[in-house]
Every structure is written in C-alpha cells, then in structure tokens.
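Chemist: I need the structure of the sequence given here:
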Amino acid sequence: MVDIQVDVKLSAIWQMTSTVITSGRTALVVDPGYFPGELDGIVRMIPKGAAVEALVFTHSHWDHVVGHAWFPGVPVYASPVLAGSVAEGGDLAARGLRKAWQFDSEWYVERPGGYSWPQDLRGSTTAGGSTPAISTSRHFSSPATPLTAWPSGPKTGCSRETTCHLAKSLSWTTWRTIAAP
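Modeler: Just a heads-up that it's a prediction; the model follows:
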C-alpha cells in the first residue's frame, strides 16, 4: 500500500477547509481557498520535491474555487455542471466570480490572481461517464449527507472535514485516476 499524507487547512472564513493530499512526489489540492495568506500557507504545505498534479473543486462556491491562481498550469477537476457553465459563460460561473469580487471589495482583500476561472477546467465523471465524479453542489449541514466521490470511491458523511474523510478513504489507484489527464 502506498502512503498517503492528508493535510487539512481550516480557513478563517466559514469553517471552509482546503486539503493537500500527497503521496511521494505527487500532490492533489482540494478546494484551494480563500485568503491570499492562507493560500500561501497551502502552497507551503506541499512537501519539497512534490508537484501538484491536480486541483479539485468540490462545488462552485466562490470561497472554494478562487485560489486556483496559486497553482498556475495545474489541471482543475470539477463537476460537469460547473465546467459546462464556465465553458458557456453561464450564470453559475458568473455568479461565483461576482460573489468573490464583492466579498473582497467589501473587506479590502487584495487578490493578486484576479477573478477568473482556470483555463484547464475539466468536468470530471466516473469511468462510465454518466455519474459526476464530484457531485456536491453546496456546503453540508448534516454529517449524514452523502458525498459521491471518484470512480469506485466512497460515500462518506460530510462535515467541515469532508475532504479529510474523503481523502483518507481513497485508494491510491482511485486517487491517481483523478491526477491523470
């Protein structure tokens, strides 16, 4: 079995978590957010010699997605609905960036990366292509709310540590599938 290290960073905002999953020289970042100083801290969580091969957005809320600029050139995986909205310039995508800009403007948050969606945003589905690999669309208030993960992945209770629970239950093969083009 391959060793997987899971590090969770709790944001100062809304109990939002970002997760770095590392194995050897490969890393995956889930929900990179939110404040620039926190994003700098997430970058520092990645072990020396490890490369971030993928980012994952669990859902479209602006506090979960706006930090992608700290990882230039890294492919980003999201639900097919979010990826489609971004590709089409749809309301879901526009609303997310607008809310991030409004929050930052109100609270004087300087965002060096600006407000845009990643250029390499991939709608991720299961191996059969019919089920979203990431099917969350909101924050969860109940630990009993299910989260469907990647192909043959687990269903786990959701809490503010959702990504931690999810990451701990992923097999190396399943996790590696996400990082592959």
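
Chemist: hey, let's count contacts and neighbours off CA atoms from now on
Modeler: Fine.

Chemist: Can you give the contact residues for the longest helix that the chain contains?
Modeler: Secondary structure of the chain per DSSP state H: the longest helix is helix 91-107. Here helix 91-107 makes contact (Cα atoms under 8 Å, 6 or more residues apart in numbering) with 60-63, 66, 82, 85-86, 109-111, 115-117.

Chemist: let's see 6 Å
Modeler: Applying Cα atoms under 6 Å, 6 or more residues apart in numbering, the contact partners of helix 91-107 are 62, 85-86, 115.

Chemist: residues of it that come out buried?
Modeler: For helix 91-107, a neighbour-count test (16 or more other Cα atoms under 10 Å) marks 92-93, 96-97, 100-101 as buried.

Chemist: and Gly49, how many residues sit next to it?
Modeler: Residues contacting Gly49 under the criterion other Cα atoms under 10 Å number 8.

Chemist: For it, what is the enclosing helix or strand?
Modeler: If you go by DSSP states H and E, Gly49 is not part of any helix or strand.

Chemist: how close does the spatially closest residue to it that is not a sequence neighbour sit to Pro80?
Modeler: Excluding its sequence neighbours, the residue lying closest to Gly49 (Cα to Cα, 6 or more residues apart in numbering) is Arg25, at 5.9 Å. According to Cα to Cα, to the nearest Å, Arg25 stands 28 Å off from Pro80.

Chemist: When these two are compared, which one has more neighbours?
Modeler: Pro80 (19 against 13).

Chemist: Would you enumerate the residues in contact with that one?
Modeler: Contacts of Pro80 (Cα under 6 Å, 6+ apart): Gly123.

Chemist: Next, give phi and psi for it.
Modeler: phi -60, psi -30 (degrees, to the nearest 10).

Chemist: any idea how far Pro112 is from it?
Modeler: 28 Å.

Chemist: do the same with Pro32
Modeler: With Cα to Cα as the criterion, Pro32 and Pro112 are 15 Å apart.

Chemist: which stretches of this protein form helices?
Modeler: Going by DSSP H, the chain shows helices at 36-45, 62-65, 80-88, 91-107, 162-169, 172-179.

Chemist: need those helices in TSV with mean pLDDT and distance to Ile4, can you?
Modeler: Compiled in TSV, the helices of the chain are given as follows (pLDDT from 0 to 100; distance: least, Cα to Cα, whole Å):
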stretch	mean pLDDT	distance to Ile4
helix 36-45	96	14
helix 62-65	93	23
helix 80-88	93	27
helix 91-107	95	32
helix 162-169	42	8
helix 172-179	40	8
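
Chemist: so which of those gets nearest Pro72?
Modeler: Closest of the helices of the chain to Pro72 is helix 36-45, at 11.7 Å (criterion: Cα to Cα).

Chemist: Return the closest one as PDB; C-alpha atoms alone will do.
Modeler: Extracted in PDB, the C-alpha atoms of helix 36-45 (Å, rounded to 0.1, in the frame of the first residue of the first chain):
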ATOM      1  CA  PRO A  36      -4.200  35.100   0.000                       C
ATOM      2  CA  GLY A  37      -2.200  34.400   3.200                       C
ATOM      3  CA  GLU A  38      -4.000  31.100   3.600                       C
ATOM      4  CA  LEU A  39      -3.200  30.200   0.000                       C
ATOM      5  CA  ASP A  40       0.400  30.900   0.600                       C
ATOM      6  CA  GLY A  41       0.200  28.500   3.600                       C
ATOM      7  CA  ILE A  42      -1.400  25.800   1.400                       C
ATOM      8  CA  VAL A  43       1.500  26.100  -1.000                       C
ATOM      9  CA  ARG A  44       3.900  25.700   1.900                       C
ATOM     10  CA  MET A  45       2.100  22.500   3.000                       C
END
